[in-house]
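Asker: Requesting a structural model of the entry that follows:
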Amino acid sequence: MRETCRWRWSLWLGCWGLIAGHSISGAEGGTNPGESLAGQRVYPYADGVELRVGDRVVGDTKDLRYPLRVEVEQGRWARVPSRLGPVWIAICELIPAERAVTYFTRSLGREPNDTHALFFRGMEWLERDNASRAEADLNRLLELRPKHAAGWCLRAQVARAMNRPQQALADFTEAVRLAPNDPLLWRHRAEFRRKRLGQITGAVEDATRAIELDPEWALARYERGEGHRLLGDWERAIEDDTLALCLNPEKGRYWRARGNVWLESGHPERALSDYSQALKRDETVAGTWVARGHAHSHLGQVREALEDFAKALQLEPGLAAAHNGRGLLLLQTVGDPQQALLEFHEALWLDAETPWVRANRALGFAHLGERERAWTDIRRAEREAPDQPWVKIVKSLLLSGWAEGDAGAATEAAGLAWEGLAAGVGPQGEAWGALAAAMAAGGDYRGAVDCQRRALWESQPGRQAEMARRMMSFLMHRPYRFPNKPLDHEWRSPSEETPLETVRSN
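Answerer: Here you go, the predicted structure:
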């Protein structure tokens, strides 16, 4: 209930940010915590805990480094134990979330240079998606306190929200420079470099630094595990995710992360187990249902996969990943390209910036003989993600399926398939299958059979029937082909500006 002041501010930007430069970082202020924080307003955060004056709060915060244990008393001191030693904070007033901006604005009216009010109001503006006002407050804060590491970190988040990646990176780097021994800042820069900039190696280095500073921090282990997964280093990714689970076994995100590694490394049974563990801890995360749906798909469990995708869409109706997963299942396992195209269309209508979904739709068009539309999709996907292994694999299949004795097309298809294999990530069985199709298109059926045998070995159970059919075709010296002209079917793909509901109603 808002009346009882459910705190929404993150502890890393709350307690840490407020006392940055005082008793924790020591950048500014005195060495006595009681003296340095006297008269300052401090607003603790507890995940799922409602604070009232006089309450004692005990509980771990969400995804954060410091467990919160405070005794909330009006105008009294409260002690917060942390790994950096006890920190004394003053609880002066509890503020409902809906009145936070008004409260801090009044504080700034009384004291225009109140850096704490600037910090918290900037945070509140950012949470309300008003990045320009947040930036103004944080610029003023950093003018007054240029060594405020948490202020630089928060301004980096604002720059990220405003799609200014280079400024965000510069601000994160300045925060790390000011507080090089705080693992929190290294972890946040690692996440930004991984998610926004694609600097996976740099992200792993930052996460490693965070782990060196705090070896028992599960979130840093998780972050480095994500980097290793994207680099295809399955063994190290499993090691980091397992350590994260040992440190915090009740965190569903860590179970899901390890499940992703198992799935991508070709162990869908183990992935399914981890996803189920994640759902036992939190059934409200739609992405986990999608991930488990993919695990069921790889195992050929169509009904269970469709149920999981449906559950994800029930929780989050506009989730493009669920439509893409269902489309891929319909295309590759069920063999229904028309319904698969409807799902791919909906996914792209919800999120057009997904080149792998566009590549999936290109494959669906190819199965229906829609040659022009297939090439339009794969060329756009290639422009958006030229180094994406799955895009290369799909283009290789299109070249092989329509080679028709063209040696140049077969050679290009083989080259793309080899590039997909060399990446070391993604569906290796599909990459070997694409190479086999390219060799068959070039007339090398013995090589095609050898590669297809490897594809059959590397493929998940849900794809083995299709891979076995291709093997029989190559043994009979029949190339992998798509229809040369559109098949007779009633459905035609709508434009990307048309939602799926309109298509089905028509």
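Asker: With only the CA atoms kept, save the strand or helix carrying Ala271 in PDB.
Answerer: When elements are assigned from DSSP states H and E, Ala271 belongs to helix 268-281. The C-alpha coordinates for helix 268-281 follow below in PDB (Å, rounded to 0.1, in the frame of the first residue of the first chain):
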ATOM      1  CA  PRO A 268      17.900 -29.500 -23.200                       C
ATOM      2  CA  GLU A 269      17.100 -32.000 -20.400                       C
ATOM      3  CA  ARG A 270      19.300 -30.200 -17.900                       C
ATOM      4  CA  ALA A 271      18.000 -26.800 -19.200                       C
ATOM      5  CA  LEU A 272      14.400 -28.000 -18.600                       C
ATOM      6  CA  SER A 273      15.200 -28.900 -15.100                       C
ATOM      7  CA  ASP A 274      16.800 -25.500 -14.300                       C
ATOM      8  CA  TYR A 275      13.900 -23.600 -15.900                       C
ATOM      9  CA  SER A 276      11.500 -25.600 -13.800                       C
ATOM     10  CA  GLN A 277      13.500 -24.600 -10.700                       C
ATOM     11  CA  ALA A 278      13.300 -21.000 -11.700                       C
ATOM     12  CA  LEU A 279       9.600 -21.200 -12.200                       C
ATOM     13  CA  LYS A 280       9.200 -22.700  -8.700                       C
ATOM     14  CA  ARG A 281      10.700 -19.600  -7.300                       C
END
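Asker: Show me what that helix is packed against.
Answerer: With contacts defined as 3 or more CB pairs under 8 Å, 6 or more residues apart in numbering; DSSP states H and E, helix 268-281 has these neighbours: helix 252-264, helix 286-298. C-beta coordinates here come from the backbone N, C-alpha and C atoms, glycine included.
Asker: distance between the host helix or strand of Asn360 and the chain's centre?
Answerer: Counting by DSSP H and E, the element that carries Asn360 is helix 355-367. Distance, stretch centre to chain centre, for helix 355-367: 22 Å (CA atoms, centre = their mean, to the nearest Å).
Asker: Contacts for it, please.
Answerer: Contacts made with helix 355-367 from outside it, assessed by CB atoms under 8 Å, 6 or more residues apart in numbering, are listed as 320, 324, 327-328, 331, 337, 340-341, 344-345, 347-348, 351, 371, 373-378, 380-382, 384-385, 388, 390-391, 394-395, 397-398, 401-402, 482-483, 493.
Asker: coming back round to it: what does the helix holding Ala271 contact?
Answerer: Under the criterion CB under 8 Å, 6+ apart, external residues in contact with helix 268-281 comprise 250-253, 255-256, 258-260, 262-263, 285, 288-289, 291-292, 295-296, 298-299, 460-461.
Asker: which among these end up buried?
Answerer: Neighbour counting over the contacts of helix 268-281 (16 or more other CB atoms under 10 Å) leaves 251-253, 255-256, 258-260, 262-263, 285, 288-289, 291-292, 295-296, 298-299, 460 as the buried ones.
Asker: could I get the helices and strands packed on helix 268-281 as JSON lines with mean pLDDT and distance to Arg128?
Answerer: Compiled in JSON lines, the helices and strands packed on helix 268-281 are given as follows (pLDDT from 0 to 100; distance: least, CB to CB, whole Å):
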{"stretch": "helix 252-264", "mean pLDDT": "94", "distance to Arg128": "25"}
{"stretch": "helix 286-298", "mean pLDDT": "94", "distance to Arg128": "24"}
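Asker: Dump those helices into a markdown table; add distance to Asp129 as well.
Answerer: As requested, the helices and strands packed on helix 268-281 are arranged in a markdown table below (distance: least, CB to CB, whole Å):
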| stretch | distance to Asp129 |
| --- | --- |
| helix 252-264 | 24 |
| helix 286-298 | 21 |
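Asker: buried sites along stretch 273-292?
Answerer: By 16+ other CB under 10 Å, the buried positions in stretch 273-292 come out as 273-275, 277-279, 281, 285-292.
Asker: Pull up the distance across it, start to finish.
Answerer: 9 Å (CA to CA, to the nearest Å).
Asker: The helix ranked longest in the chain: which residues count as buried?
Answerer: With DSSP state H applied, the helix covering the greatest number of residues in the chain is identified as helix 407-422. For helix 407-422, the buried set under the neighbour-count rule, 16+ other CB under 10 Å, comprises Ala409, Ala410, Glu412, Ala413, Ala414, Leu416, Ala417, Trp418, Glu419, Gly420, Leu421.
Asker: What is it packed up against?
Answerer: helix 389-401, helix 428-441.
Asker: And the contacts of the helix or strand Ala465 falls within?
Answerer: Assignment of secondary structure by DSSP H and E places Ala465 within helix 464-475. For helix 464-475, the surrounding residues in contact (CB under 8 Å, 6+ apart) are 300, 332, 429, 433, 436-437, 440, 445, 448-449, 452-453, 455-456, 459, 479-480.
Asker: 10 Å instead?
Answerer: The list of residues contacting helix 464-475 from outside it, by CB atoms under 10 Å, 6 or more residues apart in numbering, reads 300, 332-333, 335, 429-430, 432-433, 436-437, 439-440, 444-460, 478-481.
Asker: From what I see, Trp289 and Arg326 are in contact.
Answerer: No - with contact taken as CB atoms under 10 Å, Trp289 and Arg326 are classed as non-touching, separated by 11.4 Å.
Asker: what is in contact with those two at once?
Answerer: Taking CB under 10 Å, 6+ apart as the contact criterion, the common neighbours of Trp289 and Arg326 are Asp308, Phe309, Ala310, Ala312, Leu313.
Asker: which of the buried residues of stretch 273-292 lies closest to Ala168?
Answerer: Gly287 (24.0 Å; CB to CB).
Asker: quick one: that closest one and Pro317, what's the gap?
Answerer: In this structure, Gly287 and Pro317 are separated by 14 Å, where distance is defined by CB to CB, to the nearest Å.
Asker: do Gly420 as well
Answerer: As for Gly420, its distance to Pro317 is 33 Å (criterion: CB to CB).
Asker: same check, this time on Glu419
Answerer: Glu419 is 37 Å from Pro317, where distance means CB to CB.
Asker: For the stretch 51-200 of the chain, which segments are assigned as helices?
Answerer: All helices of the stretch 51-200 of the chain, identified by DSSP state H, counting those that start in this stretch, fall at 100-110, 115-127, 131-144, 149-161, 165-178, 183-192, 200-213.
Asker: can you pull the buried residues of the third one?
Answerer: In other words, helix 131-144. With burial defined by 16+ other CB under 10 Å, the residues of helix 131-144 counted as buried are Ala131, Arg133, Ala134, Glu135, Ala136, Asp137, Leu138, Arg140, Leu141, Leu142.
Asker: what's the closest of these to Cys153?
Answerer: For these, the minimum distance to Cys153 (CB to CB) is 9.9 Å, reached by Leu138.
Asker: That closest one and Arg155 touch, don't they?
Answerer: Yes - with contact defined as CB under 10 Å, Leu138 reaches Arg155; the gap is 4.3 Å.
Asker: intersection of neighbour lists for these two?
Answerer: Common contact partners of Leu138 and Arg155 (CB under 10 Å, 6+ apart): Gly122, Leu126, His148, Asp171.
Asker: which ones are touching the second one?
Answerer: Each residue near Leu126 by CB under 10 Å, 6+ apart is listed here: Leu13, Arg133, Ala134, Glu135, Asp137, Leu138, Leu154, Arg155, Gln157, Val158, Arg160, Ala161.
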